[in-house]
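Engineer: Generate a structure from the sequence data that follows.
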Amino acid sequence: MEKQIESLLNKISIVAIILATLTLILLFIQIPETCFNPNTILKPHQKFPKSSCDASHRTLTSPDKQSRRIWATKAWQNGVASLLTTFLDLRDQNHFHNNSHVLCVSAGAGHCVMAFKGVGVSEITAVEIVESPPLVSRADPHNLPFFDGVFDLGFSGVFDRALFPGRYAEEMERVVKVGGVCVVAVEECGERVVKEVGNLFRKSEVVGVKNVSLLGSRMTRIVMRVNAAS
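Structural biologist: Here you go, the predicted structure:
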């Protein structure tokens, strides 16, 4: 009985091996429908490269074209428009003029640069931890690479996100000349927070507070005039 069972198992094994072998042979000799048939005659631009050296490079979009595509979006234009409104208000209050040298700290992708250009300012410097050419250069807002008192106005639309607010304020204040202004925006707040922010700018006095809409968020804009040399 055992010999019969062993003989049956051997037969089954042989049949399984034969079927597996036939299946492999069929896979090798048959071209799947999804594969490229090497016998197909292709036009020159359709030919597959023989190696990576023969492969033509994909046409890449230049950084300038990429930037212009972003600037054309509705989200970008709305962001710039909101900043443009508050900058016009600041100019009307004589906090800066078209010949002022403006610094944008933590400038992000550069909305503030375009907004300042929109109100007529030509001399604008913008910095951020990660650069966004051609509008924004790379620099640490806690250690600004500028001489003392070289700007007429310093602006930050994200002051409440600073890792070290005291140092951030000190650096903004240092690079703005006496008589110039530091303008910061924080999440919409009351008098207590405004006073706390003002205290961080130890050589300046708060000369204006206003709730505004910036980049789709309700913010409180605080204007401080620098009264003492850094």
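Engineer: Enumerate every residue touching Asn99.
Structural biologist: Neighbouring residues of Asn99 by CB atoms under 8 Å, 6 or more residues apart in numbering: 122-123. (Each C-beta comes from the backbone N, C-alpha and C, glycine too.)
Engineer: I'd assumed it was in a strand, is it?
Structural biologist: No. Assigned with DSSP: H, G, I helix; E, B strand; the rest coil, Asn99 falls outside any strand and is coil.
Engineer: distance of Phe147 from Gly179?
Structural biologist: 16 Å (CB to CB, to the nearest Å).
Engineer: Check Ile18 too.
Structural biologist: Computed with CB to CB, the distance linking Ile18 and Gly179 is 96 Å.
Engineer: got it, and Pro133?
Structural biologist: 32 Å.
Engineer: can you give me the helices in the chain?
Structural biologist: Ranges of helices within the chain are 2-29, 63-71, 74-92, 111-118, 165-175, 191-200, based on DSSP state H.
Engineer: So which elements touch the fifth one?
Structural biologist: If I follow you right, that is helix 165-175. Counting contacts by 3 or more CB pairs under 8 Å, 6 or more residues apart in numbering; DSSP states H and E, helix 165-175 packs against strand 101-105, strand 151-156, strand 176-187, helix 191-200.
Engineer: Determine which of these approaches Arg167 most closely.
Structural biologist: Among the helices and strands packed on helix 165-175, helix 191-200 comes nearest to Arg167, with 9.4 Å by CB to CB.
Engineer: relative to strand 176-187, how tilted is the closest one?
Structural biologist: On the basis of axes from the mean of the first three to the mean of the last three CA atoms, to 10 degrees, helix 191-200 is oriented at 150 degrees to strand 176-187.
Engineer: now what about helix 191-200, what contacts it?
Structural biologist: Helix 191-200 is touched from outside by 159, 165-166, 169-170, 184, 186, 204-206, 209, 220, 222, 224, with contacts defined as CB under 8 Å, 6+ apart.
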